[in-house]
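A.B. asks: mind looking at a prediction? Sequence and model below.
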Amino acid sequence: MSSEMLETTPMRPAATNTRPEYAMPPGSCDAHFHVFEPGYPHVPDPLYTFPDATLEKYLQLTAVLGIERMVLVQPTFYGTDNSLTLDVLRRLGPRCRAVVRVEEDVSDAELDRYHDLGVRAIRLDLFARRDRPVEEIIGYVRRMAARATPRRWHVQFYAPGTVVRDLLPFLADLEDRFVIDHMGYMLESEGLTSADFERLVSLLEQGNCWIKLSGPYRIAKAKPLSSVAPLGRALVAARADRLLWGSDWPHLPDGQRDTGELLNLLAEWAPNAADRHRILAAGPDELFFG
């Protein structure tokens, strides 16, 4: 189904974003953004209005913020049709990497083709599996990690905090590298506790776990972004070398959030310039560009 006839959500103009309060390290990377362009097939009955979030508009934003590299993440809007993601990789070349969504029966030849274009991870939509038994979810993770790890890729969890919590014992022993989106998505409104978050921090300290400092507004909900600061600071204190920063652009559903404000959260969460370098440059080097 084409998105050309869909109603569109306008984006905040790039020039209106707040500038960084600190010097961006060379090779700074946005490790989590999405692109939406007309003419590409999307899933039936998408969960949100088609955003006017083209690659051109995203690059205007990166120029304002001093972001030199980026990781495109396949959104749920396009399901497992990675056509747009692969086209963006062709257009941007080596400064961009990507995370795709794939069916379990995807061929090795297809994954190898993705690798040559710059794909470095498989995104697992565990929101879609949140009501399934944890043993079934674990089996799915194991099967997809078996496809990713031989290529030096990783699996990336797009998961509600309740699923992250239930997977913690399994993940503590998982030998494959994995990334958890959106700071673990541990919402108090869904029954997650500070003890659950402390267990997530302990998982981060073990080494195979990476966490994205992305989407803090998904956790704050109606509260100010400052309410997420204790979580951000705790993650940085535990393993700054296992964290990635991601804009989560275009900030659905309304597309009007100030991305620069999100980037400047690192000034408080990671006041040490060396930690910001680990999060913005060295971590992406190891996980996506090495």
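C.D. replies: Received, thanks. Remember, it's a predicted structure, so these values are computed and weren't measured experimentally.
A.B. asks: can we go C-alpha only for contacts and neighbour counts from here?
C.D. replies: Will do.
A.B. asks: what's the neighbour count on residue 218?
C.D. replies: 16 (other C-alpha atoms under 10 Å).
A.B. asks: report the distance from the helix or strand it falls within to the chain centre.
C.D. replies: Secondary structure assignment for residue 218, by DSSP states H and E: helix 216-220. Averaging C-alpha positions (C-alpha atoms, centre = their mean, to the nearest Å) puts helix 216-220 14 Å from its chain's average.
A.B. asks: could you do stretch 27-45 as well?
C.D. replies: 11 Å.
A.B. asks: let's see the helix holding residue 218 as CSV, backbone CA atoms only.
C.D. replies: The C-alpha coordinates for helix 216-220 follow below in CSV (Å, rounded to 0.1, in the frame of the first residue of the first chain):
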residue,chain,number,x,y,z
PRO,A,216,13.1,9.8,27.3
TYR,A,217,9.7,11.4,26.7
ARG,A,218,8.2,7.9,26.2
ILE,A,219,9.1,7.3,29.9
ALA,A,220,8.3,10.7,31.2
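A.B. asks: wait, is residue 155 part of a strand?
C.D. replies: Yes - the assignment for residue 155 by DSSP: H, G, I helix; E, B strand; the rest coil puts it in a strand.
A.B. asks: pretty sure it contacts residue 148?
C.D. replies: Yes - between residue 155 and residue 148 there is a contact under C-alpha atoms under 8 Å: 6.6 Å.
A.B. asks: show me where this protein has helices.
C.D. replies: 55-65, 83-92, 108-117, 134-148, 161-172, 194-205, 216-220, 229-239, 259-263, 265-269, 273-277, 283-284 (DSSP state H).
A.B. asks: highest mean neighbour count out of these?
C.D. replies: helix 283-284 (a mean of 25; mean count of other C-alpha atoms under 10 Å).
A.B. asks: which secondary structure elements does that helix sit against?
C.D. replies: Counting contacts by 3 or more C-alpha pairs under 8 Å, 6 or more residues apart in numbering; DSSP states H and E, helix 283-284 packs against strand 243-245.
A.B. asks: list the contacts of the strand it packs on.
C.D. replies: 29-32, 210-214, 235-236, 278-280, 283-284 (C-alpha atoms under 8 Å, 6 or more residues apart in numbering).
A.B. asks: list the neighbouring strands of it plus their orientation.
C.D. replies: According to DSSP bridges, strand 243-245 forms sheet pairs with strand 209-213 (parallel).
A.B. asks: and the residue nearest in space to the middle of the chain, what does it touch?
C.D. replies: With distances taken as C-alpha atoms, centre = their mean, residue 32 lies nearest the centre of the chain, 3.9 Å away. Applying C-alpha under 8 Å, 6+ apart, one finds that residue 32 lies in contact with 70-73, 214, 245-249.
A.B. asks: and the pLDDT for it?
C.D. replies: At residue 32, the model reports a pLDDT of 98.
A.B. asks: can you lay out the helices of the chain as a markdown table showing mean pLDDT and distance to residue 188?
C.D. replies: Shown next, in a markdown table, are these (pLDDT from 0 to 100; distance: least, C-alpha to C-alpha, whole Å):
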| stretch | mean pLDDT | distance to residue 188 |
| --- | --- | --- |
| helix 55-65 | 98 | 32 |
| helix 83-92 | 98 | 34 |
| helix 108-117 | 98 | 38 |
| helix 134-148 | 98 | 21 |
| helix 161-172 | 98 | 9 |
| helix 194-205 | 97 | 9 |
| helix 216-220 | 96 | 9 |
| helix 229-239 | 98 | 13 |
| helix 259-263 | 98 | 21 |
| helix 265-269 | 98 | 21 |
| helix 273-277 | 98 | 28 |
| helix 283-284 | 98 | 29 |
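A.B. asks: could those be laid out in TSV, adding distance to residue 19?
C.D. replies: Formatted as TSV, those follow (distance: least, C-alpha to C-alpha, whole Å):
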stretch	distance to residue 19
helix 55-65	6
helix 83-92	23
helix 108-117	32
helix 134-148	36
helix 161-172	31
helix 194-205	30
helix 216-220	18
helix 229-239	20
helix 259-263	6
helix 265-269	12
helix 273-277	16
helix 283-284	22
